[in-house]
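Colleague: generate a structure from the sequence data that follows.
(one chain, ligands or ions: 2)
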Amino acid sequence: MKVLKFGGTSVGSAKNIQKVREIVQSQNDNVIVVVSALGGVTDLILEAAQVAATGTDDFGNYLKEIKQRHSTVVSELFNGSGPITYIADELLDELEQILTGITLVGELTPKTLDRIAGIGERISSHVVAQYIPGAIREDAAEFIKTNSNFGKAAVDFDETDQLIKAKFKDFSGVAVVPGFIAKNSRNEFTTLGRGGSDYTSAIIAAALEVEALEIWTDVDGFMTADPRVISKAYTIPELTYSEAMELSHFGAKVIYPPTILPVYQKGIPVHIKNTFKPENEGTLILSSTSDRKDRPIKGISSISRIALLTLQGIGMVGVTGISMRLFTALAKMNVNVILISQASSENSISVAVDEHAVNLAESAIRAEFEKEIASGQVSKIAIENDLSIVAIVGENMKHTTGIAGKLFSTIGRNGINIIAIAQGASELNISWVVKTSELRKTLNVVHESFFLSENVELNVFLMGIGTVGGNLLQQIQKQQQKLLDEKHLKIKLTGIANTKKMIFRREGFDIANVKETLQASEMKSSLQGFVEAMKAMNIYNSVFVDCTASDEVASLYKEILQSNIAVVTANKVAASSAYENYTALKNIAKQKGVKFLFETNVGAGLPIINTLNDLVYSGDRILKIEAVLSGTLNFIFNTISAETPLSKTIQMAKEQGFSEPDPRVDLSGVDVARKILILAREAGYPLEMEDITIERFVPASFFDGSLDDFWKNIPALDDEFETKRKKLEEENKKWRFVARYENGKAQIGLQVVDSKHPFYDLEGSNNLVMYTTERYNEFPMLIKGYGAGASVTAAGVFADLIKVSNI
Ligand SMILES: NC(=O)C1=CN([C@@H]2O[C@H](COP(=O)(O)OP(=O)(O)OC[C@H]3O[C@@H](n4cnc5c(N)ncnc54)[C@H](OP(=O)(O)O)[C@@H]3O)[C@@H](O)[C@H]2O)C=CC1
Ligand SMILES: N[C@@H](CC=O)C(=O)O
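Modeller: Numbering: from 1, shown residues only. Ligands and ions are numbered 1, 2, ... in the order given. Model prediction:
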């Protein structure tokens, strides 16, 4: 024999009741079917009763809706009407009479409420019994006996078990039973608490020691997390009774928590199934499960609207009875304590309670500790509101090391503050308190960390979609699917801005048309607005990508890193700013456990900074750096000819995407100065920009005025450069703009090199870096290749992005 329980949605309409019939008829066994009221009906009854208690007859609208719901279902199932109509009408009349009575006395007692609260179940059980051919209806109130704690009555198991056994002694076929309702010893209606139909089914299943209890509902079973928050949450195939109990207590409303105990005691398997997708596996609840030991966590659950009350004072240390008094005071006021946290110093005790109960709890504690507060033994009763409790649950956590470490480091890395923690010695559950504003992010990071190691999400906020940023978008779009398929890395573009507009989308934009979406946006670009939006979205694994050349954008990094958002930047301004700022950024990144990456600041996509870091971290010492670091300048000196004068080559460098947005930055040597400064710092030398000797080859006057003035004036240098260039050509020599660092000194300037020099053959916009180190001494290490250009730079930024994801 089996017990099948169908919830409110499963019996909520004629169409759904047809599904119930199919499921019941597909059983090859005798079945007892326990039903809830039609979905929403119990709420309507309770609301109608509250309205009636105000002494008005405004409950009429509720009653009308309740009647309408039932008459629609009855007429659709039974083609108009039938005997069931009379039964339903009779029960609905009873409801109306009692509501009228409540109005007259203007008072609603728990006893009266229980008299009507179960009318929905009483009707639905008749409807379902009539609709399933051959089924009989049995009244749960006849055999489930409770005390008189109306609203949530306690079952008298001895009597109930006997009555159930007697009732179903020779039973075969299908019996339909209303859930939720019971009666006390005075034959008055009681109820088993909201969700009590699950409990009814478990009580019957346990008394009859049936083969299985099936709870048919509108979800696929217990999920690894709330699917409304975690789109990737999935059904947990198996849970132990204890795990199911923990998860249901912590907000997973799949099953009414008291349901577990009776079936657990008898070892009856409970199967949670979806009425609307019966082919799905669902969740099986058993004594022990056969799941993977490498998945110690079964599910994550949470409860919101929590307040934390902390009783604090050094006068509490070592004093016995404080906890007992605290909890007794709360119990007396019927305040349910959801979580307790006390440090071994005994200096404070924190209790988490429902936020509606916090004022009551506070006054109870104040009254209890009045004397200690007056004497200063208790210094503070602190209340924190707008909190949530999150819990991870799993029996395999027991004696598995590293779970808490992994959990809290993941949470910390994402900048989420943990307010209180609790873990029992059973190691079945670790619970912690966070601000409700951090709940979504917490659930996401924990779910990703424990369940989705095969898919990592990276949420990208991109500022700047010009030469480099635009190319980056194309590369991500092209590579997105491959990264997902082969590396399980999902790159989501969650925010984007240029100087005019900005847009944000938690689910990510379609990169194919994101530029059009940005252009069409109404949201004006604002730097602080962008940062605030990123912070407010508060998404885990977020990275800010700077593809601008802006000082103002670079000045945002501190706040961004402080918000636990990684920074990847092509913009050289921050890493070449004051040494103090450069180290502060690195330190914040380290302290927050997020990355601050700027590989493209030197040599675009070439691995110049990473290689330097590897050398230094592995114990080598950089003695000398000699390099050609400007793609633009190298391109100019390789392109300049009798036909192509200096001014034309500068334009070409700009058009080909080598130069800075303002090419004067290249021509003035500032770009190269920034690069050698960054390399010296990464090599471990605390240089400032002022320490670099810059020998310019274009007179300073050309950099005064506007960019337009520069373009107008620069052709004036063409003849002079052509004369010098001819001479060089005759001598078989070339110009190279060289940067050097040695012995704490850095300088940059134009150098004439002959054909024997390693820089002589450096073609196009290529860069070349030579590191002379303690290990690479006689023969320095060389890194050479394209040092500028949209695609190689974007590729370098992309590589940094992938590094952030730690795949
Ligand atoms: N080109 C190369 O080879 C290399 C370049 N880099 C670096 O890459 C960075 C980008 O260069 P590049 O792509 O050529 O520059 P572009 O001028 O082509 O693009 C800059 C982008 O940044 C946006 N932008 C500028 N200021 C702001 C601001 N305050 N707020 C929001 N958006 C802003 C611009 O918006 P709008 O379109 O509205 O003006 C534009 O979309 C530079 O720092 C450069 O040094 C690094 C290595 C190599
Ligand atoms: N403008 C720069 C681009 C790379 O940093 C250059 O020309 O090298």
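
Colleague: residues in contact with whichever helix or strand residue 581 is part of?
Modeller: Taking DSSP states H and E as the definition, residue 581 sits inside helix 579-592. For helix 579-592, the external contacting residues (C-beta atoms under 8 Å, 6 or more residues apart in numbering) are 413, 415, 557-558, 561-562, 564, 566-567, 574-576, 595-596, 681, 686-688. From N, CA and C alone the C-beta is placed, and that goes for glycine too.

Colleague: go through these and flag which are in strands.
Modeller: 566, 567, 596 (DSSP state E).

Colleague: hmm, the last one is touching residue 558, no?
Modeller: Spelled out, it's residue 596. No: using C-beta atoms under 8 Å, residue 596 and residue 558 do not qualify as a contacting pair, with a distance of 10.3 Å.

Colleague: so which of the two has more stuff around it?
Modeller: Legend: neighbour count by other C-beta atoms under 10 Å for residue 596 and residue 558, higher for residue 596 (24 against 15).

Colleague: let me know the pLDDT of the more buried one.
Modeller: pLDDT for residue 596: 98.

Colleague: what residues are up against it?
Modeller: By C-beta under 8 Å, 6+ apart, residue 596 lies in contact with 557, 561, 566, 567, 585, 586, 588, 589.

Colleague: how far away is the residue most central in space within the chain from residue 805?
Modeller: When the chain is reduced to its mean C-alpha position, the closest residue under C-alpha atoms, centre = their mean turns out to be residue 444, at 2.5 Å. Distance of residue 444 to residue 805, given as C-beta to C-beta, to the nearest Å: 15 Å.

Colleague: what's the answer for residue 686, then?
Modeller: For residue 686, the distance to residue 805 - C-beta to C-beta - is 31 Å.

Colleague: so what touches stretch 42-57?
Modeller: 8, 36, 58-59, 62-63, 65-66, 69, 95, 99-100, 102-103, 106-108, 112-113, 116-117, 119-121, 180, 194.

Colleague: er, stretch 724-738 I mean
Modeller: Contacts for stretch 724-738 (C-beta under 8 Å, 6+ apart): 626-630, 633-634, 637-638, 640-642, 669, 672, 697, 748-755, 757, 759-760, 762.

Colleague: run the last query once more with 7 Å
Modeller: 626, 628, 630, 633, 637, 640, 672, 748-755, 759-760, 762 (C-beta atoms under 7 Å, 6 or more residues apart in numbering).

Colleague: for that stretch, give the mean pLDDT please.
Modeller: Stretch 724-738 comes out at a mean pLDDT of 97.

Colleague: quick one: contacts for residue 697?
Modeller: residue 750.

Colleague: again, 10 Å this time
Modeller: 633, 637, 667, 668, 669, 717, 721, 724, 735, 737, 749, 750 (C-beta atoms under 10 Å, 6 or more residues apart in numbering).

Colleague: now do the closest residue to the fourth one other than its chain neighbours against ligand 1, distance only.
Modeller: So the one you mean is residue 668. Nearest residue to residue 668, sequence neighbours excluded (C-beta to C-beta, 6 or more residues apart in numbering): residue 703, at 5.4 Å. Counting by C-beta to the nearest ligand atom, to the nearest Å, the gap from residue 703 to ligand 1 is 17 Å.

Colleague: shouldn't residue 703 be in contact with residue 667?
Modeller: Yes: between residue 703 and residue 667 there is a contact at 7.6 Å, judged by C-beta atoms under 10 Å.

Colleague: for those two, indicate the residue with more neighbours.
Modeller: residue 667 (27 against 17).

Colleague: how near is the more buried one to residue 660?
Modeller: For residue 667 relative to residue 660 (C-beta to C-beta), the value is 9 Å.

Colleague: now swap in residue 642 and tell me
Modeller: 27 Å.

Colleague: the more surrounded of those two?
Modeller: residue 660 (19 against 9).

Colleague: report the separation between residue 509 and ligand 1.
Modeller: Taking C-beta to the nearest ligand atom, one finds residue 509 at 16 Å from ligand 1.

Colleague: look up phi and psi at that residue.
Modeller: With angles defined as degrees, to the nearest 10, residue 509 sits at phi -100, psi 160.

Colleague: with residue 31 instead?
Modeller: phi -130, psi 140.

Colleague: any idea how far it is from residue 640?
Modeller: 91 Å.

Colleague: what does the chain put close to ligand 2?
Modeller: 604, 630, 631, 632, 658, 659, 660, 666, 671, 787, 788 (C-beta under 6 Å from any ligand atom).

Colleague: which SS state does residue 760 fall under?
Modeller: coil (DSSP: H, G, I helix; E, B strand; the rest coil).

Colleague: that one touches residue 766, doesn't it?
Modeller: No: if you go by C-beta under 10 Å, residue 760 and residue 766 don't touch, sitting 12.0 Å apart.

Colleague: which one's more surrounded, those two?
Modeller: Set side by side, residue 760 and residue 766 show more neighbours around residue 766, with 20 against 13, by other C-beta under 10 Å.

Colleague: can you pull out the low-pLDDT segments for the stretch 151-300 of the chain?
Modeller: 251-252, 291-294 (pLDDT under 70).

Colleague: how about the strands of it, start to end?
Modeller: Here the stretch 151-300 of the chain has its strands, by DSSP state E, counting those that start in this stretch, at 174-178, 181-183, 189-191, 212-217, 238-240, 270-274, 283-286, 299-312.

Colleague: what would those look like in a markdown table with mean neighbour count?
Modeller: Below are the strands of the stretch 151-300 of the chain laid out as a markdown table (neighbours: other C-beta atoms under 10 Å):
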| stretch | mean neighbour count |
| --- | --- |
| strand 174-178 | 26 |
| strand 181-183 | 25 |
| strand 189-191 | 26 |
| strand 212-217 | 24 |
| strand 238-240 | 23 |
| strand 270-274 | 22 |
| strand 283-286 | 23 |
| strand 299-312 | 21 |
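
Colleague: on that earlier part again, ok, so of the ones in strands among the contacts of helix 579-592, who is nearest ligand 1?
Modeller: Minimum distance to ligand 1 across these is 13.3 Å, recorded for residue 567 (C-beta to the nearest ligand atom).

Colleague: hang on, residue 767 packs against residue 602?
Modeller: Yes: contact criterion C-beta under 10 Å: residue 767 and residue 602 qualify, at 8.1 Å.
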